[in-house]
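Peer 1: I would like the atomic coordinates for the input below:
(chains A and B, ligands or ions: 2)
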Amino acid sequence: MKKLNINDEIMPVQADNGTPLLWVLRDELNKKGTKFGCGKGLCGSCTVLVDGVATRSCVTPIETLIDKKITTIEGLSVNGDHPLQKAWKDENVPQCGYCQPGQIMNALGLLKLIPKPSKEDIRNHMAGNICRCGTYQRIEKAILIASKYL
Amino acid sequence: MKRRTLIKLALGASATGLLLSVAYDKRFTIIQKVSNYIDNKDFDPNAFIFIQSDGAIKIICHRSEMGQGARTAIPMLMVEELDVTWEQVQVVQGLGDAKYGSQNTDGSKSIRDFYLPLRKAAASAREMLVSAAALIWDVPDKECDTLDGFVLHKKTNRQLAYGDLVSKARQIPVPKFPTLKTPSEFKVIGKPKAGVDIAAIVKGEAQFGIDVTIPQMLIASLLRAPVPGAKIKSIFKEDALSTPGVVQVIELEEQGRSVNASASVAVVATNTWAAFSGRAKLKVEWDFLDLKRDHSSKYRNKLEQELNGSQKAHRSEGNINRGKKKSSKVIEASYHTPYLVHAPMEPLVSTAYVKEGSCEVWAPCQDPQRAMKLIAKLLDIKIKDIKFNVTFLGGGFGRKSQPDFVLESVLLSKKLKKPIKIQWSREDEIKHGFYHSESLQKLQAGVDETGYPITWHHKAVFPTILSVFMSGATTPADWESGMGATNMPYRIENILCEVGSISSSVRIGWMRSVCNVWHAFAVNSFVDELALNATTDPIAFRLRLLGSAKVLDPNDNFPQDTGRLIKVIERTRDEFGWENALAIGYGKGFASHYSFKSYVAIAIEVNVAEGEISIKKVVCTIDCGIAVNPDSVRAQMEGAIVFGLSAALYGKITLRKGIVKQGNFDNYPVLRMDEMPKVQVHIINGNINVPTGVGEPGVPPVAPALASAIYFATGKRLRDLPLRLS
Ligand code: FES
Ligand code: FES
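Peer 2: Numbers count the residues shown, from 1 in each chain, chains lettered A, B, ... in the order given. Ligands and ions are numbered 1, 2, ... in the order given. Alright, predicted model coming up:
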């Protein structure tokens, strides 16, 4: 049986090799923080980290993930006190909230690449994640704040 | 479990006052009934506030949360009047139930309609707790006070927690005329408050419709008729059925008017990916009968024809023909806007479990009561046998007030006798929408030698929203024109606003700000063109057209007050720095609009370089009466600006033989973060007693302000949306 390393836990998985990680997380492993928005790698709602790199789980078949380290929103912190989550709360970022786990995970990917990003870095990196509610301005600010604490 | 829910209070509202309408009367009877039974320990939990003997307080939010902040602002009203702290309060989402009054979360009215009733409900509860304590202490009520969940008797330095008073308070009659706090006493209303669900959201724990899981549940993906009304001719299901995880392929009949769900074939599977994979292999042949199937390239001509055909007048003052004769010049322009789709981040999804004689639903639904009525009809059961759980909505924008996606899940669960979740893909959502109407408008003004309009003739043609309720409806209702056309505020002697008739082969729906979006685009753009003709600054020209402050429709419960409009215009002008000179390639544009009883003005700065439009700055002012939660008002304006810019720059749904061509964010793009301008929001509390709409009114002024900024920068007047320079 296949095994995936998710948030430092080794989890057996039954789904076929070609199944996108998104649906394995959501339907098989009951980790529902990772969201479905487009299924085509266009919106970023499904973003997780794979070996520290922000990755669209809706277009990533699990066969490519054996022996890799996957981090989902559930693995970010136990109490919701990761600097990104704190900044998100301080800036009151979410509206409907649906895109926000993906936004936070993509922001985490950015901070792993560029620990002290400029506004331009943030805008370019985060352009892959759509927020239909339009919380972009607050996301930009929250990432700047979080980067100071990381 | 110990019986702990003791006080079950209903609205103590009297059926008087500005805000009460028919719906309130109905609710008032329910309240009366509840107060009759207030001694009966066994009556069903009712209404909005529950205080437990351990001091925990549950506050019901009966309106759907889709990002607009209802679950924070509605409890704020009650926390204020109840005099409790947030730590004591848990916000509970109300089930679909007529006892709450209207739960139809649209029209930007959750706060507008419930501001007084919910405060009165909480104030009644507070007064009952005070009376209970006064009885125990044997002192007059008026010697007692409340603070943070306690009743205090300052004279004797005694206090009792609300939780300790519940059994006594239950016996106190519900006061008919509870005393409300005055605005100067507010501790909660008017102060920024972070969303009550934010901790759950940032941990990925908030439960949206897509996150619902029921034991034994199967998941289905539907292949729907590509054009509403098409019938299934034949189904080739073998490939779908042989997909691992797929358990069944089954036909779903079309559900007619009101539900408006197309015929479809469901691929039912044990998990979502299997359902999607099976559905990708399903082939269905459709019979299009003699359905009318619009073609976008031809529809524009049809709109044009109808615009020149016979019209129905929705506002007529003076005589435009006579006025035109007196004019020194006649100016005319036409504006076109396309179909749009909602594209909330969470695609549609609904879970239903139909059992013998009952049904339970879990759905991200804006209007649970409407869905329940239709479910009762479909299943031939009573509304009371339906349990409707409203989940978080991952965006709604009007799409999730349509019942089609809920009814599909109910129908499928009925057929399979199992809990069923129907999961829409993004393509499903974009191709099977209830679209924001395409429109064509012509404005014509006869102006005097100073450029001031003597006549104003506004003609509009667009498929009416009535068509989803009445088959064959082709002429818009006057309230559709009332969203931005007939209620335009300028002082002009001769006015004629007319609508033409046209049908559409797609379903028409409400989308954030509805008809206001295209009306505001045409009216503001045209005023800009008139200002140009008069060689007057567009803001100065608007102020001239408004003249001195005036209440336009004094018989309305929320009359339009041009004095408040003038204030948001002036504030925006000043905060933007309208007088400042701009570099070459830069432009500034302005628009203002009254909708959902609120006043909004927006100024935009753009840069256009090599045909690329880049939006630098947006300044916005809203007067929404009183901002109950100012931070949420700000967020809604920021969001409305993004929503408006997406429509202005990109939004366009087109049809080929009635079939929607777009399908995902690649060909239906929306604004992304790298294009996000700097947004500044200013709030004016223009009437502290009457909160008005917030979710929608920010959208309409965005596109016209942008179009006029582009004109400023390039000299090109764009009269079609989306705004394209080439
Ligand atoms: S759902 Fe994966 S990018 Fe949109
Ligand atoms: S918060 Fe609703 S989509 Fe981003």
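
Peer 1: domain ranges for chain A?
Peer 2: Per the record, chain A has its domains at A:2-75, A:83-149, by automatic domain parsing.

Peer 1: quick one: closest of those domains to ligand 2.
Peer 2: Ligand 2 lies closest to domain A:83-149 among these, at 3.2 Å (CB to the nearest ligand atom). All C-beta atoms are positioned from the backbone trio N, CA, C, and that covers glycine.

Peer 1: average model confidence for the closest one?
Peer 2: Here domain A:83-149 scores 98 as its mean pLDDT.

Peer 1: endpoints of it, how far apart?
Peer 2: Between the start and the finish of domain A:83-149 there is a gap of 6 Å, counting by CA to CA, to the nearest Å.

Peer 1: just the domains of chain A: most buried one?
Peer 2: domain A:83-149 (a mean of 22; mean count of other CB atoms under 10 Å in any protein chain shown).

Peer 1: thinking again about what came up before, which one of the domains of chain A lies closest to B:Ala240?
Peer 2: When the domains of chain A are ranked by distance to B:Ala240, counting by CB to CB, first place goes to domain A:2-75 at 16.1 Å.

Peer 1: residue ranges of the strands in the stretch 551-700 of chain B, please?
Peer 2: Counting by DSSP state E, counting those that start in this stretch, one finds strands in the stretch 551-700 of chain B at the ranges B:586-595, B:598-609, B:612-623, B:655-656, B:659-660, B:678-684.

Peer 1: now the ones you listed in CSV, with distance to A:Asp8, mean neighbour count and mean pLDDT?
Peer 2: As requested, these are exported to CSV (distance: least, CB to CB, whole Å; neighbours: other CB atoms under 10 Å in any protein chain shown; pLDDT from 0 to 100):
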stretch, distance to A:Asp8, mean neighbour count, mean pLDDT
strand B:586-595, 51, 26, 98
strand B:598-609, 47, 26, 98
strand B:612-623, 43, 22, 98
strand B:655-656, 50, 18, 98
strand B:659-660, 44, 20, 98
strand B:678-684, 39, 18, 98
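
Peer 1: so which of the ones you listed gets nearest ligand 1?
Peer 2: Shortest distance between ligand 1 and the strands of the stretch 551-700 of chain B, using CB to the nearest ligand atom, is found for strand B:659-660: 19.5 Å.

Peer 1: what does the closest one rub up against?
Peer 2: For strand B:659-660, contacts defined as CB atoms under 8 Å, 6 or more residues apart in numbering or on different chains pick out B:226-227, B:293, B:341, B:430-433, B:506, B:653-654.

Peer 1: and if we set it to 6 Å?
Peer 2: Applying CB atoms under 6 Å, 6 or more residues apart in numbering or on different chains, the contact partners of strand B:659-660 are B:226, B:431, B:653.

Peer 1: then stretch A:34-44?
Peer 2: Outside stretch A:34-44, the residues touching it (CB under 6 Å, 6+ apart) are A:25, A:45-46, A:48, A:56-59, A:72, A:98, A:102, A:106, A:128-130, B:345, B:425-426, B:664-666.

Peer 1: is ligand 1 within reach of that stretch?
Peer 2: Yes - figure legend: stretch A:34-44 in contact with ligand 1 (CB under 6 Å from any ligand atom); contacting residues A:36-39, A:41-44.

Peer 1: from these, which is closest to B:Ala263?
Peer 2: A:Gly39 (23.9 Å).

Peer 1: just say helix, strand or coil for the closest one.
Peer 2: Here A:Gly39 takes the coil state, with states given by DSSP: H, G, I helix; E, B strand; the rest coil.

Peer 1: in a markdown table, list the residues of stretch A:34-44 next to ligand 1 along with distance to B:Ala200 and pLDDT.
Peer 2: What follows is the residues of stretch A:34-44 next to ligand 1, written out as a markdown table (distance: CB to CB, whole Å; pLDDT from 0 to 100):
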| residue | distance to B:Ala200 | pLDDT |
| --- | --- | --- |
| A:Phe36 | 19 | 98 |
| A:Gly37 | 19 | 98 |
| A:Cys38 | 24 | 98 |
| A:Gly39 | 25 | 98 |
| A:Gly41 | 27 | 97 |
| A:Leu42 | 26 | 98 |
| A:Cys43 | 21 | 98 |
| A:Gly44 | 20 | 98 |
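
Peer 1: spatially central residue in chain B, please.
Peer 2: In chain B, the C-alpha nearest the mean C-alpha coordinate belongs to B:Asp106, at 3.9 Å (CA atoms, centre = their mean).

Peer 1: contacts only, for the closest residue to it other than its chain neighbours.
Peer 2: For B:Asp106, ignoring the flanking residues on the chain, the nearest one in space by CB to CB, 6 or more residues apart in numbering or on different chains is B:Ser401 at 5.1 Å. B:Ser401 makes contacts with B:106, B:366-367, as judged by CB under 6 Å, 6+ apart.

Peer 1: relative to ligand 2, how far out is B:Ser401?
Peer 2: To ligand 2, B:Ser401 is 17 Å away according to CB to the nearest ligand atom, to the nearest Å.

Peer 1: okay, that residue and B:Gln366: tell me how far apart.
Peer 2: To B:Gln366, B:Ser401 is 4 Å away according to CB to CB, to the nearest Å.

Peer 1: what's the answer for B:Val568, then?
Peer 2: B:Val568 sits 28 Å away from B:Gln366 when distances are taken as CB to CB.

Peer 1: before we move on, what about B:Cys144?
Peer 2: In terms of CB to CB, B:Cys144 sits 41 Å off from B:Gln366.

Peer 1: which SSE is B:Ile454 in?
Peer 2: Secondary structure from DSSP states H and E places B:Ile454 in strand B:453-461.

Peer 1: next helix or strand past the host helix or strand of B:Asn321?
Peer 2: With secondary structure defined by DSSP H and E, B:Asn321 is part of helix B:320-326. Per DSSP H and E, the first helix or strand lying C-terminal to helix B:320-326 is strand B:329-337.
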